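In: dropping the sequence and predicted coords here.
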Amino acid sequence: MEGMQPLQHLLALNKRIPCLCFAVFGLVSISQSGCTASQSAPGAIASSTDSSYTLDTPIEVIAADPRGAAVLNMDLPGLLADPSYWEFKRMSLKRVASLSGGRLDQQSLAQTEADLQALPKQVAGIH
């Protein structure tokens, strides 16, 4: 894995099936694109600020909150700076872990989830 970008090793797939990688990312992006549209609705913005983040929350939603970004940077160093971030930012941490072939382990996910749950809840409009 030497010489690979920080998280490329997490998403590395079998070299015999490179098209599958693009198909998976494409399908996930298409299927989740409808989800991101609803997040721009006023009700979605309020609910994203007063609810806690989980491993099912899209990474870009967590990263949009400075507190969530700090957790990701602490528990999963390099995730947000990864050159492939745009490919997986709409995925949840659970989804990225399932594509990582075990390289994003359950211990890291559990720590990240605990740290995200420990964030104080924000009231909408107060930062």
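Out: Received it, and whenever you're ready, just let me know what you need.
In: any stretches of the protein with poor pLDDT?
Out: Along the chain, the model assigns pLDDT under 70 to residues 1-51, 122-127.
In: Ile62 is in contact with Ala69, correct?
Out: Yes: using Cβ atoms under 8 Å, Ala69 is in contact with Ile62, at 7.2 Å. For the C-beta atoms, the positions are set from N, CA and C on the backbone; glycine is no exception.
In: higher neighbour count, these two?
Out: Using other Cβ atoms under 10 Å, the more surrounded residue of Ala69 and Ile62 is Ile62, with 25 against 15.
In: pull out the buried positions in the helix or strand containing Leu72.
Out: Following DSSP states H and E, the helix or strand that holds Leu72 is helix 66-75. Across helix 66-75, burial judged by 16 or more other Cβ atoms under 10 Å covers 68, 71-72, 75.
In: could I get the residues you listed as a markdown table with distance to Leu116?
Out: Compiled in a markdown table, those are given as follows (distance: Cβ to Cβ, whole Å):
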| residue | distance to Leu116 |
| --- | --- |
| Gly68 | 7 |
| Val71 | 5 |
| Leu72 | 9 |
| Asp75 | 9 |
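In: and these, which is closest to Gln117?
Out: For the buried residues of helix 66-75, the residue nearest Gln117 by Cβ to Cβ is Val71; the value is 9.8 Å.
In: just the helices in this structure please.
Out: In the chain, the helices defined using DSSP state H lie at 8-11, 18-39, 42-50, 59-64, 66-75, 85-88, 93-99, 106-117.
In: show residues contacting the last one.
Out: Spelled out, that is helix 106-117. 52-55, 57, 62, 68, 71-72, 74-76, 93-94, 97 (Cβ atoms under 8 Å, 6 or more residues apart in numbering).
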